[in-house]
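Asker: what would the 3D arrangement of this be:
(2 chains)
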Amino acid sequence: MITFIVRRLLLGLFTVWLISMLAFAIIQLPPGDFVDSYIANLAAGGAAVSADEANAMRKLYGMGQPIYVQYGKWIVRVVVGDFGESMEWRRPVSEVIGDRIWLTLLLSFAALLVTWGLALPIGIFSAVRQYSVADYIFTLVGFIGIAVPNFLLALIILYAAFRYLGLSVGGLFSAEYALAPWTWDKVKDLSWHLPLPAMILALSGTAQLIRIMRANLLDELRKPYVVTARAKGLSELRTVLKYPVRAALNPFASNIAYLFPYLVSGSIIISIVLGLPTVGPLLVRALIAQDVYLGGAIVLLLGVLTVIGTFISDLVLMWVDPRLRHQMD
Amino acid sequence: MVDPILSIRDLHTEFVANEGIIRAVDGVSFDVFQGRTLGVVGESGCGKSVTARSILGIVEKPGRVTGGQILLRPETGGEAVDLLQLGPKAMRAIRGPEIALVFQEPMASFSQYYTIGNQIMEGIRLHLKLSARAARDRAIELLDMVGVPQPARRVDEYPFQLSGGLRQRVMIAMALACDPRVLIADEPTTALDVTTQAQILDLLRELQQKQGLALILITHDMGVIAEMAHDVAVMYLGRAVETGPVSEIFTAPKHPYTRALLRSIPTVMAKPRTRLPTIEGSIPHPSNRPAGCAYNPRCLELIDDLCRVQEPPETGMAGRRIRCFLHGGRP
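Answerer: Here you go, the predicted model:
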């Protein structure tokens, strides 16, 4: 089992390395070198860069040297947290991304909790009471949830909240906290703003998950071990929750990893509509503006987080599935 | 004569399907006695398993028991209780401590996510209200009783770590966890190889003698019946067509179906390379049950005008009943 974990860990590191090369390739994609376009960009804004400064930058980024030296210089700085300069923002990339990566993680995690919290019980109910009125209603609502684009729903909720409740739901913070340093009050403010975007973000995932859970559980409910449990005199609730639900949950453990990138890329439009300070909109702008170091850094971060998610999901899967655990011995 | 522990009277179980109502069990009656084995025999699809599930009240939707009585005599004596009249909670108290079931697919009948100890202890803790510690001790004791080697270690293993024969032993241990008085074994050896089959049957017989169990052994194998049963109920298309003590069923079978079943047992005395006699045709689907006697399309001795038109009633005396016009009941 330990060899398995170690192997997975090394494999994860290898994957991260591949992702870093990909991110670097993205940075190298635009024609010309970065310093040239950086200077041109600054010049367009009316600022000038002296020849000394330009040379210092060329040296820092290893321009004119072989590509692997450039990559090496870049990756060494990345490891210590220096992702380069954002051309558009004229600030270090790490500063631009800043809290956004954590807010993205927080929002994704909240959306995940909402998704599971709603989808699993509803899915279980729908399967156990298959073809009941409630099952049909959930199915209908579920399909609407899948069919309606998230951003449209976001707009509707934004409108409704403003029109009828007088709430402003844009962003994750109230205006006075948006740029303020972290305080206890800011955290409280965040916890007020978090649920609605999380719910909007969770909606389509919830609808899909209800269908998956229902289908999984319907399969499991027909298995002989369910009859065994009933024959032991267990109550119906206990029978269903202990045996078939447990089996039907298994696939979800392996899905944790894929949910994160799905939530991030799925949240871009919603984040723009709701004005959420996540990395999604930042990535879009970086791509449009060819802000290479920012774009590369975000791709790299998302990639690394996905690899970490995969590793965690491997561990969870091993924890919940005894067959997997024992295969390894 | 002793009173039976369990009497099934005119049991009906139906499934609602698209093609209409399927009468999977259509008037089955038999008695089960303490310390005796009732062999229920018949081809696939004759309603054996559904009968077993009906007794425990665990027929799966869209099936349901629609009529008859399932009379269980209380341990303390007194009036028999009709299980069909019990509420869900009272019925749950029957499953395990009174009547238990051993299934035919030991792999599929266990959950792969819990240790066998966990699955055995569950019933013990629920019905006998033992502590986790005591339930575990009992589980180990049960595993030892059914011949699982190193029970203290095995109790923490998962079903997929055991061989087929061991799994079936564990299944039996689980069924016996709450000291049931009636044990229903639904084709307990079908999924096992011949040697293991014999071991499991020996185990069942030994446990029955030791504990005075009433055993209902469901099988399609007449050989198993001959070896194990005291009484036999031969089922055909949802009905018991002939019931009686095993000696009489084997030496003087009356129903043409019973006789046909007995003819189709392979024997070592047979000449090599002779064809085994088989029963012509196949069992009809319960949704298009033939008119008259259900066996008439396959019967070699049918009385033309009668068997195709009328249902033979159940005739005979207690312990030896038959549904065939050849043996009475003719109008």
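
Asker: only C-alpha atoms from now on, for both contacts and neighbour counts.
Answerer: Noted.

Asker: which ones are touching the closest residue to chain A within the stretch 101-250 of chain B?
Answerer: Proximity of the stretch 101-250 of chain B to chain A (CA to the nearest CA) peaks at B:S109, 4.0 Å away. Residues near B:S109 by CA atoms under 8 Å, 6 or more residues apart in numbering or on different chains: A:223-228, B:103.

Asker: tell me which helix or strand B:S247 sits in.
Answerer: In this assignment (DSSP states H and E), B:S247 forms part of helix B:246-251.

Asker: go through that helix and flag the buried ones.
Answerer: B:246, B:249-250 (16 or more other CA atoms under 10 Å in any protein chain shown).

Asker: what does stretch A:58-69 give?
Answerer: By neighbour count on 16+ other CA under 10 Å, the buried set for stretch A:58-69 is A:58, A:61-63.

Asker: could you check how far it is from the centre of its chain?
Answerer: Distance of stretch A:58-69 from the chain centroid (CA atoms, centre = their mean, to the nearest Å) equals 33 Å.

Asker: do stretch B:146-163 as well
Answerer: In terms of CA atoms, centre = their mean, the centre of stretch B:146-163 is found 26 Å from the chain centre.

Asker: contacts for it?
Answerer: Here stretch B:146-163 makes contact (CA under 8 Å, 6+ apart) with A:322-323, B:107, B:110-118, B:139-141, B:143-144, B:166-167, B:169-170, B:172-173, B:203.

Asker: output the one helix or strand in chain A whose mean pLDDT sits lowest as PDB, nothing but the C-alphas.
Answerer: When each helix and strand of chain A is scored by mean pLDDT, DSSP states H and E, helix A:256-266 comes last, with a mean of 71. Taking Å, rounded to 0.1, in the frame of the first residue of the first chain, the C-alpha atoms of helix A:256-266 are listed here in PDB:
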ATOM      1  CA  ILE A 256     -13.200  14.400  -6.800                       C
ATOM      2  CA  ALA A 257     -10.200  15.100  -9.000                       C
ATOM      3  CA  TYR A 258     -12.100  16.000 -12.100                       C
ATOM      4  CA  LEU A 259     -14.500  18.200 -10.300                       C
ATOM      5  CA  PHE A 260     -12.000  20.900  -9.500                       C
ATOM      6  CA  PRO A 261     -10.900  21.800 -13.100                       C
ATOM      7  CA  TYR A 262     -14.600  21.400 -14.100                       C
ATOM      8  CA  LEU A 263     -15.700  23.900 -11.500                       C
ATOM      9  CA  VAL A 264     -13.000  26.400 -12.300                       C
ATOM     10  CA  SER A 265     -13.500  26.300 -16.100                       C
ATOM     11  CA  GLY A 266     -17.300  26.100 -15.600                       C
END
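
Asker: which helices and strands sit right next to it?
Answerer: When contacts are defined as 3 or more CA pairs under 8 Å, 6 or more residues apart in numbering or on different chains; DSSP states H and E, helix A:256-266 sits against helix A:100-128, helix A:279-288, helix A:292-320.

Asker: change it to 7 Å
Answerer: For helix A:256-266, the elements it packs on are helix A:292-320, judged by 3 or more CA pairs under 7 Å, 6 or more residues apart in numbering or on different chains; DSSP states H and E.

Asker: for the helix it packs on, which positions count as buried?
Answerer: Residues of helix A:292-320 classed as buried: A:292-318, A:320 (neighbour count, 16+ other CA under 10 Å).

Asker: again, but for stretch A:190-203
Answerer: For stretch A:190-203, burial by neighbour count (16+ other CA under 10 Å) applies to A:190, A:193-203.

Asker: could you do stretch A:22-40 as well?
Answerer: Buried, per 16+ other CA under 10 Å, within stretch A:22-40: A:22-24, A:26-28, A:34-35, A:37-39.

Asker: do the same with stretch B:202-217
Answerer: For stretch B:202-217, a neighbour-count test (16+ other CA under 10 Å) marks B:203-205, B:207-208, B:213-217 as buried.

Asker: so which of these sit within helices?
Answerer: B:203-205, B:207-208 (DSSP state H).

Asker: now A:G205: which helix or strand?
Answerer: According to DSSP H and E, A:G205 maps onto helix A:195-221.

Asker: next one: that helix to chain centre, how far?
Answerer: Centre-to-centre, helix A:195-221 and its host chain are 17 Å apart (CA atoms, centre = their mean).

Asker: packing partners for that helix?
Answerer: In terms of contacts (3+ CA pairs under 7 Å, 6+ apart), helix A:195-221 is packed against helix A:100-128, helix A:133-147, helix A:244-253.

Asker: what's the next secondary structure element after that helix?
Answerer: Next in sequence after helix A:195-221, counting helices and strands by DSSP H and E, comes helix A:224-231.

Asker: do whichever helix or strand comes after that next one and chain B come into contact?
Answerer: Sequence order places helix A:236-242 as the next helix or strand after helix A:224-231, per DSSP H and E. No - Helix A:236-242 stays clear of chain B (CA under 7 Å from any CA of the partner chain), getting no nearer than 9.5 Å.

Asker: same for helix A:236-242, what does it pack against?
Answerer: Other elements packing on helix A:236-242 under the criterion 3+ CA pairs under 7 Å, 6+ apart are helix A:224-231.

Asker: does the helix it packs on come close to chain B?
Answerer: Yes - counting by CA under 7 Å from any CA, chain B has neighbours in helix A:224-231: A:224-225, A:228, A:230-231.

Asker: between that helix and helix A:244-253, how big is the angle?
Answerer: On the basis of axes from the mean of the first three to the mean of the last three CA atoms, to 10 degrees, helix A:224-231 is oriented at 140 degrees to helix A:244-253.

Asker: got a list of contacts for helix A:224-231?
Answerer: Residues outside helix A:224-231 that contact it (CA atoms under 7 Å, 6 or more residues apart in numbering or on different chains) are A:239, A:243-244, B:56, B:58, B:95-96, B:100-101, B:108-111.

Asker: in a markdown table, list those along with secondary structure, pLDDT and distance to B:Q197.
Answerer: Output for the contacts of helix A:224-231, formatted as a markdown table (DSSP: H, G, I helix; E, B strand; the rest coil; pLDDT from 0 to 100; distance: CA to CA, whole Å):
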| residue | secondary structure | pLDDT | distance to B:Q197 |
| --- | --- | --- | --- |
| A:T239 | helix | 93 | 30 |
| A:Y243 | coil | 93 | 28 |
| A:P244 | helix | 94 | 29 |
| B:L56 | helix | 93 | 25 |
| B:I58 | coil | 91 | 26 |
| B:R95 | strand | 93 | 26 |
| B:G96 | coil | 91 | 24 |
| B:A100 | strand | 94 | 20 |
| B:L101 | strand | 93 | 17 |
| B:A108 | coil | 91 | 18 |
| B:S109 | coil | 93 | 17 |
| B:F110 | coil | 94 | 19 |
| B:S111 | coil | 93 | 22 |
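
Asker: adding distance to B:Q199, write the residues you listed out as JSON lines.
Answerer: Shown next, in JSON lines, are those (distance: CA to CA, whole Å):
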{"residue": "A:T239", "distance to B:Q199": "31"}
{"residue": "A:Y243", "distance to B:Q199": "30"}
{"residue": "A:P244", "distance to B:Q199": "31"}
{"residue": "B:L56", "distance to B:Q199": "27"}
{"residue": "B:I58", "distance to B:Q199": "29"}
{"residue": "B:R95", "distance to B:Q199": "26"}
{"residue": "B:G96", "distance to B:Q199": "24"}
{"residue": "B:A100", "distance to B:Q199": "20"}
{"residue": "B:L101", "distance to B:Q199": "19"}
{"residue": "B:A108", "distance to B:Q199": "21"}
{"residue": "B:S109", "distance to B:Q199": "20"}
{"residue": "B:F110", "distance to B:Q199": "20"}
{"residue": "B:S111", "distance to B:Q199": "24"}
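
Asker: any of these buried? List them.
Answerer: Among the contacts of helix A:224-231, those classed as buried by neighbour count (16+ other CA under 10 Å) are A:239, A:243-244, B:56, B:58, B:95-96, B:100-101, B:108-111.

Asker: can you check what angle separates the strand or helix carrying A:L42 from helix A:292-320?
Answerer: Using DSSP H and E, A:L42 falls within helix A:34-44. Counting by the same axes, to 10 degrees, helix A:34-44 lies at 120 degrees to helix A:292-320.
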